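>>> With the input below, show me the fold.
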Amino acid sequence: MHEPNPITLAAKASDEPEFRPIGVGPWEDEHPGEPRPDNPESPNYDARFSTELLDEGDQRNVLDR
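Model (predicted):
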């Protein structure tokens with residue numbers, strides 16, 4: 001078994017009920033005023049970007065152990 005991550009140990013020792021937020025918020029919160037990469041007219045257009053994830057953000061990531 002591996003040694004626990006020092007950040008995890010500190011978080012558990014603090015008695016805080018929640019870990020820090022992970023993932024990213026909606027595009028407008030993270031990159032206000034920047035052109036969206038899911039817009040075909042954007043200079044940074046890339047069809048691989050999900051409109052739904054850009055609209056809502058993505059909190060599906062999990063903390064590494």
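>>> In CSV, list the C-alpha atoms belonging to the helix or strand bottoming out on mean pLDDT in the chain.
Averaged element by element with mean pLDDT, DSSP states H and E, the chain has its least confident helix or strand at helix 6-13 (a mean of 81). The C-alpha trace of helix 6-13 is given here as CSV (Å, rounded to 0.1, in the frame of the first residue of the first chain):
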residue,chain,number,x,y,z
PRO,A,6,0.2,14.8,2.4
ILE,A,7,-2.6,17.1,1.1
THR,A,8,-5.2,14.4,1.8
LEU,A,9,-3.8,13.9,5.3
ALA,A,10,-3.9,17.6,6.0
ALA,A,11,-7.5,17.9,4.7
LYS,A,12,-8.6,15.0,6.9
ALA,A,13,-6.9,16.4,9.9
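>>> So for it, what gets flagged as buried?
Buried residues in helix 6-13, counting neighbours by 16 or more other Cβ atoms under 10 Å, are absent. Yep, even glycine has a C-beta here, placed from its N, CA and C like the rest.
>>> How far does it sit from its chain's centre?
Offset of helix 6-13 from its chain centre (Cα atoms, centre = their mean, to the nearest Å): 21 Å.
>>> Run through who's touching whatever helix or strand comes next after it.
For helix 6-13, the succeeding helix or strand toward the C-terminus, using DSSP states H and E, is helix 27-30. Helix 27-30 has contacts (Cβ atoms under 8 Å, 6 or more residues apart in numbering) with Val24, Glu34, Arg36, Leu54, Asp55, Gly57.
>>> Let's verify the fifth one: helix, strand, or coil?
Three-state secondary structure (criterion: DSSP: H, G, I helix; E, B strand; the rest coil) places Asp55 in helix.
>>> doesn't Pro26 make contact with it?
Yes. If you go by Cβ atoms under 8 Å, Asp55 and Pro26 touch, sitting 6.0 Å apart.
>>> What separation do you get for the spatially most central residue of the chain and Asp55?
Nearest to the mean C-alpha position of the chain, by Cα atoms, centre = their mean, lies Gly23 at 1.8 Å. Separation of Gly23 from Asp55 (Cβ to Cβ, to the nearest Å): 14 Å.
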